[in-house]
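>>> Sequence isn't available, so here's the structure alone:
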């Protein structure tokens, strides 16, 4: 799942895939702004056929947080 998720991330920010680790923070390490992040959330919902609750989005800070959250919805 990490490799697939890395590809998604690279569609939204200009970062090399090897810089994307489970501990990487979206805003601080990967250069996401809030619009990019919400666009990624929409893409995740569509790709994985899940619904991300708005109240949960603020808890997602790292790549691992996102992958764990997506896995919990599937």
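Structure received. Fair warning: this is a prediction, and the values are worked out from it, not measured in the lab.
>>> all contacts plus neighbour counts: C-alpha atoms, from now on.
Fine.
>>> What lies in contact with stretch 46-56?
41, 44, 45, 70, 73, 74 (Cα atoms under 8 Å, 6 or more residues apart in numbering).
>>> repeat that with 7 Å
Applying Cα atoms under 7 Å, 6 or more residues apart in numbering, the contact partners of stretch 46-56 are 45, 73.
>>> Kindly report the same for stretch 19-26.
Applying Cα under 7 Å, 6+ apart, the contact partners of stretch 19-26 are 6, 30, 32, 61, 62, 63, 64.
>>> if I look at residue 23, how far off is residue 46?
Distance, residue 23 to residue 46, by Cα to Cα, to the nearest Å: 24 Å.
>>> okay if I get the contacts of stretch 19-26 as TSV plus secondary structure, distance to residue 15 and neighbour count?
TSV is the format used below for those (DSSP: H, G, I helix; E, B strand; the rest coil; distance: Cα to Cα, whole Å; neighbours: other Cα atoms under 10 Å):
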residue	secondary structure	distance to residue 15	neighbour count
6	helix	10	19
30	coil	7	21
32	coil	10	18
61	coil	17	15
62	strand	15	20
63	helix	14	21
64	helix	17	16
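>>> residues near residue 66, how many?
19 (other Cα atoms under 10 Å).
>>> Residue 24 now?
Residues lying near residue 24 (other Cα under 10 Å) number 16.
>>> For the chain, just list every one of the helices.
For the chain, the helices defined by DSSP state H cover 2-10, 34-48, 54-57, 63-73.
>>> Save the ones you listed as a markdown table, and put in mean pLDDT and distance to residue 18 too.
Rendered in a markdown table, the data for those read as follows (pLDDT from 0 to 100; distance: least, Cα to Cα, whole Å):
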| stretch | mean pLDDT | distance to residue 18 |
| --- | --- | --- |
| helix 2-10 | 90 | 9 |
| helix 34-48 | 92 | 19 |
| helix 54-57 | 90 | 24 |
| helix 63-73 | 92 | 13 |
